[in-house]
Every structure is written in C-alpha cells, then in structure tokens.
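Colleague: When you get a sec, could you give me coordinates for this:
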Amino acid sequence: MANAGRRRARAYDPERTWGALLAQAGLVRDAVRGLRAEQYAGASGLPGWDVRLLVAHIVRQIDVLGELLGAAEPPPGGRLIGLDGWTQATEPVAAQLDAGTKETAAAMGEPVAAIEAAVEGLASLREEALRPGRLLPEPFGGMRALDFTVTRLVELVVHTDDLARATGAEPVFDRQALAATVRVLADGLAAKAPGNAVEVRVPPYAAVQCVEGPRHTRGTPPNVVETDPLTWVRLATGRTEWAAAVEDAAVAASGERADLAAYLPVMR
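Modeller: Here you go, the predicted model:
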C-alpha cells in the first residue's frame, strides 16, 4: 500500500453507487413500514432521540441530496471536501444536525408516508447526481455529487442498523451499500491516523494501513486488526466500544500497536 501521505482517494463506480443507494433506501423504507405505532416512542439508542426522530433523520438524509442538487453549484476552483474529510467533519456540526432532525420531525407527519415520499423522490435525481463534474454546495465545503451520494450510503447503512437495534429487528443491507460504507470508514481511519504500522482488515471489503510506526514491507504484518463488516461499522461510528468488541471476540487484534481505541470512532 502507498505511504499514507500519498494515498490515493478510492474510486466509486457511479452506476453501482446509485443502484446501492436505491436498494438501501428501499430496505430502510421497508423497515419503517414494519414498525408498530408504539415503537416510535421507544429509545433509538442515540442520545436524546426516540425512534420517530431517528426515522425523521433518515428522511432528512435522503431528502438533502435533492435539495443540494437543486441549489446553485459552487464556483469552480474553490475548496472541495472529499470522503475522508467528510468523515471528520460531521461531529463539529452535531448540534446543527440535531436541530435539523427535530425540525424535520415536527413537519414530517406520518413517518411511513414521509419515507416513502423521500425514497420515491430519489428516482428523478439520478442523471444530475451522476453527471461528471457536478459539484454540490455541501455544508462542509463544496463536494463532488458522486462523493456526496456515497455519503448517503454511509448514512443509510448506519441508520438501518440503528433502527434494527432499536426495534429488535435484524438489519438488512444491500451488499454494495455495506461494502461502500466499510471502505469509506476504513479510509477515514487511515486519514485520521496516518501511517503503516497497523493493518486493519474488514474482509471481504477493505484493508488499510494506519497508525504511525515502523513500516511493514513484506510477510505477515506485525500489527493486525481484523473484524467483520457490521462490527467495523459500529466501531467506526461509536456504536460499539473497542474494549467491548475485543472482549467479545468480535475483533481480533495482534501486535503491540494493534489497539485502535485512541482513534475510534472515525465519525459520529
């Protein structure tokens, strides 16, 4: 793998990304359709949010793509944020996201109707979202439309899992959506903790090197972390603590530097 300072941004196929977005949006819509009325008042697992607020947040994360595509493009030559930067930019605006979610919930009406409308609205956005060179005035800085579409996959996968855990259901993921989410979060870790001392493996989707220290060149790396995709998503977004995952054998970590507690979560 290239040195972290020269690490190239990962490329995402536009058609596969769009297909995964539609598929995961449909899956989370189906999950909301299956909720009982009393479940909306239950705890979501996210601080201060019940399940209804979580559903409102999901609706908001879908709708924002159309809102940004409908806005004027940022001027060329300005600052652009990539996927690595996006993973680091969400925590500072947590209060803003919370307020926006509550506004959406207040105006949402019936949750199933709201998410059905949001998912149906995606169909008309494909051509503009995938137009080469299309830029969005993303709140953290300008962003390529395709990159922002990838961030919607991350949001939908993470919150599909939140909804399932809150309601006792089994989370259902589109394979491509889960793969993209794992890769975005793995690359975010490599950007947050640059280096080549630790190899993090999330088979079958991603393997990255991170953390400062001696560079590994051949053979079995001396410091290896390996886990499954869903555990990685939960670790990287603060849903699961590092120590608990290691204790439960959901993570295998070998080597004196193979402790990622100081670098997690990657994003919140």
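Colleague: Can you tell me who residue 206 pairs with across the strands?
Modeller: residue 202 (DSSP bridges).
Colleague: Distance from stretch 151-159 to the middle of the chain?
Modeller: 4 Å (Cα atoms, centre = their mean, to the nearest Å).
Colleague: what's the model's confidence in stretch 248-259, averaged?
Modeller: For stretch 248-259, mean pLDDT rounds to 95.
Colleague: With stretch 74-94 instead?
Modeller: If you average the pLDDT over stretch 74-94, you get 87.
Colleague: end to end, how far does it reach?
Modeller: 24 Å (Cα to Cα, to the nearest Å).
Colleague: what sits up against that stretch?
Modeller: 9-10, 97, 135-144, 147, 150-151, 184-185, 187-188, 190-192, 266-268 (Cβ atoms under 8 Å, 6 or more residues apart in numbering). C-betas here are computed from N, CA, C, even on glycine.
Colleague: Which residue ranges of the chain form helices?
Modeller: Secondary structure of the chain, counting by DSSP state H: helices at 14-33, 51-69, 83-89, 94-108, 111-122, 126-129, 145-167, 175-192, 229-236, 242-247.
Colleague: Please list only the buried members of the contacts of stretch 74-94.
Modeller: Buried members of the contacts of stretch 74-94, scored by 16 or more other Cβ atoms under 10 Å, are 10, 97, 135-136, 138, 141-144, 147, 150-151, 184-185, 187-188, 190-192, 266-267.
Colleague: Next, work out how far apart residue 177 and residue 73 are.
Modeller: 26 Å (Cβ to Cβ, to the nearest Å).
Colleague: Give me the more crowded residue out of those two.
Modeller: More crowded of residue 177 and residue 73, by other Cβ atoms under 10 Å: residue 177, with 27 against 15.
Colleague: Contacts only, for that one.
Modeller: By Cβ under 8 Å, 6+ apart, residue 177 lies in contact with 20-21, 23-24, 153, 156-157.
Colleague: any idea how far residue 13 is from residue 89?
Modeller: 24 Å.
Colleague: what about the two, which has more around it?
Modeller: Remark: of residue 13 and residue 89, residue 89 carries more neighbours, 15 against 12, as counted by other Cβ under 10 Å.
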